[in-house]
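Undergrad: sequence first, then the predicted structure:
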Amino acid sequence: MKCDGLRECEINTRELEQDPCFGTYKYYTTNHICIPAETSVTCQDGYSYLKRSEQFYFNFDTANYGRTDKIICSEGRPSSELQNTNCYSPNALAPVSKSCNGLESCEVFATHTVFADPCVGIYKYLTISYFCVPPAVHECSSVICEHANNTLMCAECYFFSDQGTVIRIHSTNYGRTDSSTCSTGRPASQLAKTDCYASNSQAMTTYGCKGKNSCSLVASNGVFSDPCTNTFKYPYVSYSCIHNCKCYCVQ
């Protein structure tokens with residue numbers, strides 16, 4: 001997460017929270033890939049404007065509303081508002097995808113009313129990393145109102161034959177990020193909180209759907225936990241279908 005969307009980053013093993021084997025001298029191993037992508041940075045309370053070519057679709061790689069260094073969006077701000085550079089908003093990718101999927105252009109408001117406020121008192125900014133893909137592999141999305149269920153299917157997401165394609169989850173949030181989605185028949189008190197995020201949303205959806213041609217999701221607190229009591233919630237899932245790779249071993 002710390003390195004997502006950056007051209008380079010530094011990892012300090014002292015910052016890792018859990019000790020998997022106390023008393024053992026450990027080392028950290030990571031795999032990473034670099035992809036060509038566009039990056040948008042918007043200072044707090046500003047709007048991020050994104051536009052794509054007509055024949056392509058947005059594919060969002062990473063997003064964060066917070067602060068990861070002291071330089072970006074620092075002009076005119078006191079040093080006390082720039083000190084926390086380990087500031088990440090949970091599931092920031094979900095509301096970005098929800099605002100832009102399927103559109104030729106879109107705008108995203110960089111504010112804690114859209115994204116949770118991960119570090120109160122720190123001046124934040126929204127960073128979005130994205131690239132554009134042809135229609136055959138564009139992002140699809142699904143919204144499931146609480147207590148209901150739905151099936152994600154490559155047959156509905158892939159523009160051509162879905163044979164041999166599998167689901168790739170881009171982002172998920174179980175909670176509420178606006179007052180209109182899944183609002184029919186609900187009292188205003190259950191729709192008021194719009195910065196509601198379940199921290200395990202991505203993990204639970206990926207566990208149930210990754211690598212499958214279709215999968216069923218149930219929108220319930222029993223699956224995702226309850227990130228905001230007395231709020232009527234929904235999981236928003238952004239995904240695409242890609243061709244499954246077959247690997248062959250040669251001695």
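TA: Okay, I see it.

Undergrad: could you use CA atoms for every contact and neighbour count after this?
TA: Noted.

Undergrad: pLDDT on stretch 82-102, on average?
TA: Mean pLDDT, computed over stretch 82-102, is 86.

Undergrad: CA-only coordinates of that stretch in PDB, if you can.
TA: Extracted C-alpha coordinates of stretch 82-102, given in PDB (Å, rounded to 0.1, in the frame of the first residue of the first chain):
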ATOM      1  CA  LEU A  82       2.400  18.100   7.000                       C
ATOM      2  CA  GLN A  83       4.200  16.000   9.600                       C
ATOM      3  CA  ASN A  84       2.200  12.700   9.300                       C
ATOM      4  CA  THR A  85       3.400  11.100   6.100                       C
ATOM      5  CA  ASN A  86       1.900   7.700   6.900                       C
ATOM      6  CA  CYS A  87      -1.700   8.700   6.300                       C
ATOM      7  CA  TYR A  88      -3.900   6.400   4.200                       C
ATOM      8  CA  SER A  89      -7.700   6.400   3.700                       C
ATOM      9  CA  PRO A  90      -9.200   2.900   3.800                       C
ATOM     10  CA  ASN A  91     -10.600   1.600   0.500                       C
ATOM     11  CA  ALA A  92     -10.100   5.000  -1.300                       C
ATOM     12  CA  LEU A  93     -10.100   3.200  -4.700                       C
ATOM     13  CA  ALA A  94     -13.800   2.200  -4.400                       C
ATOM     14  CA  PRO A  95     -15.400   5.700  -4.400                       C
ATOM     15  CA  VAL A  96     -13.100   6.800  -7.300                       C
ATOM     16  CA  SER A  97     -14.100   3.800  -9.400                       C
ATOM     17  CA  LYS A  98     -17.800   4.400  -8.500                       C
ATOM     18  CA  SER A  99     -17.600   8.000  -9.700                       C
ATOM     19  CA  CYS A 100     -15.800   7.300 -13.000                       C
ATOM     20  CA  ASN A 101     -16.500   3.800 -14.300                       C
ATOM     21  CA  GLY A 102     -18.100   3.800 -17.700                       C
END
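
Undergrad: which SSE is immediately downstream of the longest strand along the chain?
TA: Longest strand in the chain by number of residues (criterion: DSSP state E): strand 165-176. Using DSSP states H and E, the next helix or strand after strand 165-176 towards the C-terminus is strand 196-197.

Undergrad: check which helices and strands that next one is in contact with.
TA: strand 165-176 (3 or more C-alpha pairs under 8 Å, 6 or more residues apart in numbering; DSSP states H and E).

Undergrad: in its sheet, what does the strand it packs on sit against?
TA: Counting by DSSP bridges, the strands paired with strand 165-176 are strand 196-197 (antiparallel), strand 234-243 (antiparallel).

Undergrad: so which of those strands gets nearest residue 51?
TA: Closest approach to residue 51 among the strands paired with strand 165-176 is made by strand 234-243 (18.7 Å; C-alpha to C-alpha).

Undergrad: list the buried residues for the closest one?
TA: Neighbour counts using 16 or more other C-alpha atoms under 10 Å place 234, 235, 236, 237, 238, 239, 240, 241, 242 of strand 234-243 among the buried residues.

Undergrad: what does that strand contact?
TA: Strand 234-243 is contacted from outside by 94, 97-98, 137-146, 154, 157-158, 162, 164-176, 182, 201, 213, 219, using C-alpha atoms under 8 Å, 6 or more residues apart in numbering.

Undergrad: then that strand to CSV, C-alphas only?
TA: The C-alpha trace of strand 234-243 is given here as CSV (Å, rounded to 0.1, in the frame of the first residue of the first chain):
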residue,chain,number,x,y,z
TYR,A,234,-23.9,-1.9,0.3
PRO,A,235,-20.8,-3.4,-1.2
TYR,A,236,-19.6,-1.6,-4.3
VAL,A,237,-17.3,-4.0,-6.3
SER,A,238,-15.2,-2.9,-9.3
TYR,A,239,-13.8,-5.8,-11.3
SER,A,240,-12.7,-6.9,-14.8
CYS,A,241,-12.3,-10.3,-16.5
ILE,A,242,-9.0,-11.3,-17.9
HIS,A,243,-7.8,-14.4,-19.7
